[in-house]
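[1] A predicted structure for the sequence below; I have some questions about it.
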Amino acid sequence: KQEVTQIPAALSVPEGENLVLNCSFTDSAIYNLQWFRQDPGKGLTSLLLIQSSQREQTSGRLNASLDKSSGRSTLYIAASQPGDSATYLCAVSPSGTYKYIFGTGTRLKVLA
Amino acid sequence: DVKVTQSSRYLVKRTGEKVFLECVQDMDHENMFWYRQDPGLGLRLIYFSYDVKMKEKGDIPEGYSVSREKKERFSLILESASTNQTSMYLCASSFKYRYSNQPQHFGDGTRLSIL
């Protein structure tokens, strides 16, 4: 059964720092992996989607990498800002299904 | 921009009531999903639908049913609400084609309290 883990559960950094959020999954048979952002009391906003055949995707200050064989993905945030404060979730879509399996997220606080 | 609209942001109902949560998307997506989100447990899939009138159980379908009579609308039904169904409910949609590079899109959620 696919399981997704995100460590750490919470992270606090000063503004301007570069940071890495981690996501690991137990079964490498996936279609794709998505990173989402969730603000308090709100829905999820898709940040980046990486297909299983890809190694990384970039959008602005965000870069996500995927190492399917080792079951790992990282979300790199460059030059963090207070507006980046949110919970970041990763989700994998197992092969043969339309479902997504979510991690429990990393709650990020960027201090001004 | 894709828009997924959930009918209520906040809802308070009583134990035993039949509760309907509505979700509408405007991008002609084939797939629609209902999740619940609880602290420490993350998002858990209740049901999903890959076409009109088609549905599949997710990980926690007990106590819930769904209806998809039109492509753009996916309804979650709590047959007889109980206090352990107090939660944040999130609807999402996506294209069926797996390699379209199009992500799942989420609504803003409905915070449901059962008293």
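    That came in fine, so what should we check first?

[2] give me every residue in chain B lying close to chain A.
    By C-beta under 8 Å from any C-beta of the partner chain, the part of chain B that sits against chain A consists of B:4, B:31, B:33, B:35, B:40-43, B:45, B:48, B:50, B:58, B:90, B:92, B:94, B:96, B:98-99, B:101-109, B:111. In short, each C-beta sits where N, CA and C put it, glycine included.

[3] mind checking which of these are buried?
    The neighbour-count test (16 or more other C-beta atoms under 10 Å in any protein chain shown) marks B:4, B:31, B:33, B:35, B:42-43, B:45, B:48, B:58, B:90, B:92, B:94, B:98, B:103-109, B:111 as buried among the residues of chain B next to chain A.

[4] what sits closest to residue 73 if chain neighbours are left out?
    Chain wasn't specified; assuming chain A. Sequence neighbours aside, residue A:23 is the residue nearest to residue A:73 in space, at 4.4 Å (criterion: C-beta to C-beta, 6 or more residues apart in numbering or on different chains).

[5] switch to chain B, please.
    In space, residue B:73 is closest to residue B:24, 5.2 Å off (C-beta to C-beta, 6+ apart).

[6] OK, contacts around residue B:41?
    Contact analysis of residue B:41 by C-beta atoms under 8 Å, 6 or more residues apart in numbering or on different chains lists residue A:104.

[7] hang on, the earlier thing: from the residues of chain B next to chain A, which land in strands?
    B:4, B:31, B:33, B:35, B:42-43, B:45, B:48, B:50, B:90, B:92, B:94, B:105-106, B:111 (DSSP state E).

[8] from those, which is closest to residue B:17?
    residue B:111 (16.3 Å; C-beta to C-beta).

[9] go ahead and confirm the closest one touches residue B:88.
    Yes. Using C-beta atoms under 8 Å, residue B:111 makes contact with residue B:88 at a distance of 5.3 Å.

[10] hmm, residue A:34 and the residue nearest to residue A:73 touching each other?
    No. The pair residue A:23 and residue A:34 fails to qualify as a contact (C-beta under 8 Å) at a distance of 10.1 Å.

[11] what's the helix or strand containing residue A:33 packed up against?
    Assessed by DSSP states H and E, residue A:33 sits inside strand A:30-38. On a contact count with 3 or more C-beta pairs under 8 Å, 6 or more residues apart in numbering or on different chains; DSSP states H and E, strand A:30-38 meets strand A:19-25, strand A:44-51, strand A:62-67, strand A:72-77, strand A:86-94.

[12] now tabulate these in a markdown table and tack on mean pLDDT, distance to residue B:16 and mean neighbour count.
    Converted to a markdown table, the helices and strands packed on strand A:30-38 look like this (pLDDT from 0 to 100; distance: least, C-beta to C-beta, whole Å; neighbours: other C-beta atoms under 10 Å in any protein chain shown):
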| stretch | mean pLDDT | distance to residue B:16 | mean neighbour count |
| --- | --- | --- | --- |
| strand A:19-25 | 97 | 39 | 19 |
| strand A:44-51 | 93 | 31 | 20 |
| strand A:62-67 | 97 | 45 | 19 |
| strand A:72-77 | 97 | 43 | 20 |
| strand A:86-94 | 95 | 33 | 23 |
